[in-house]
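Q: For reference, the sequence and a predicted model appear below.
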Amino acid sequence: MSAEVEVPDDAAPAHSSDVDSASENPVADGVAAVVARVAKVGTSGRKKVTAAEKRARFQERFGDMSSEDILAQLTGAWRSTVYEHFKPPVVLPAKADGTVMFRFVCKRYAHPSKHVDRADYEDSTGNLKRHMSGCDPDDIPEVELITAYAQGASYSAARMRFYIAMWCARHHRPFVVVEDPEFRQLLKMLYAKAEIPKRMTVARDVRLIHTDCKERVTVYLKVNIQSRTDQSVVY
């Protein structure tokens, strides 16, 4: 069985494997700063909501509605394209603690063992996206070309965000440029699973990088000024 249970995106820790040693590479240093700060504040910058709070809000909203009616109402409001990768979800029997799970079965495999389970009160698409990204692509020439390129590439989502933020900041590019269809198609052509940030994410990353760089420059100047002062006293 390869089932997955959905957890909130903002609960996932930053992976150090996405970045190099900060002490040896200034670019990796900046990437590490972005990853660490985003992980600290969450991807949205808003206060994190606990599972208990989500469940309470969910129960307040839907009350005594049946799970099937709730699912029907929720699916009508879902807008993410990730749901297109799965068959229509089904309601699973309630657990001992009363939690009801929705099961999303992958269309690619069309087998019950390839699925993602998510609590009815959750709306995070993190595990759905991770499953979709890990699905084996169809054996078509276009995908084979992309796969061949990707095998020799050093892609990581963290570096993608860092370089885009630096590109926009250094060359005065508007953040909205990352939402141009042609720009996104270009990156997807090079790597089909590239995670391209939205303009608000780029704006937030630029602010985080600026704050981090300011702190580092301050420390650097303090250390060097102190060192020069010590040397002048000796001489």
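A: Done, it's in. Numbering: from 1, shown residues only.
Q: Please make it C-alpha for all contacts and neighbour counts, starting now.
A: OK.
Q: avg pLDDT for whichever helix in the chain runs longest?
A: Taking DSSP state H as the criterion, the chain has its longest helix at helix 199-234. Model confidence over helix 199-234, given as mean pLDDT, is 83.
Q: is it true that residue 202 touches residue 161?
A: Yes. In terms of CA atoms under 8 Å, residue 202 counts as a neighbour of residue 161; the distance is 7.1 Å.
Q: quick one on the thing from earlier: by contact count, what packs against the longest helix of the chain?
A: If you count contacts as 3 or more CA pairs under 8 Å, 6 or more residues apart in numbering; DSSP states H and E, helix 199-234 packs onto helix 26-41, helix 157-170.
Q: now the angle from the last one to helix 199-234?
A: Yep, that's helix 157-170 we're talking about. Put simply, helix 157-170 runs at 80 degrees to helix 199-234, going by axes from the mean of the first three to the mean of the last three CA atoms, to 10 degrees.
Q: follow-up on the earlier one: worst mean pLDDT among the helices and strands packed on helix 199-234?
A: In terms of average pLDDT, helix 26-41 trails the rest of the helices and strands packed on helix 199-234, at a mean of 62.
Q: By mean pLDDT, flag the weakest helix or strand of the protein.
A: Taking all helices and strands of the chain together, the one with the lowest average confidence (mean pLDDT, DSSP states H and E) is helix 141-151, at a mean of 50.
Q: Would you mark the buried spots in the longest helix of the chain?
A: Neighbour-count burial for helix 199-234, with 16 or more other CA atoms under 10 Å as criterion, is recorded at 199, 201-206, 208-209, 212.
Q: and if you look at stretch 83-97?
A: The neighbour-count check on stretch 83-97 (16+ other CA under 10 Å) flags 83, 85-86, 89, 91-92 as buried.
Q: Tell me which two in those are the farthest apart.
A: 85 and 92 (19.5 Å; CA to CA).
Q: follow-up on the earlier one: quick check: helices, which of the buried residues of stretch 83-97 are part of them?
A: Using DSSP H to define helices, no part of the buried residues of stretch 83-97 is located there.
Q: want to try CSV for those, with pLDDT and distance to residue 101 as columns?
A: Rendered in CSV, the data for those read as follows (pLDDT from 0 to 100; distance: CA to CA, whole Å):
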residue, pLDDT, distance to residue 101
83, 90, 16
85, 88, 18
86, 89, 15
89, 93, 10
91, 93, 6
92, 93, 5
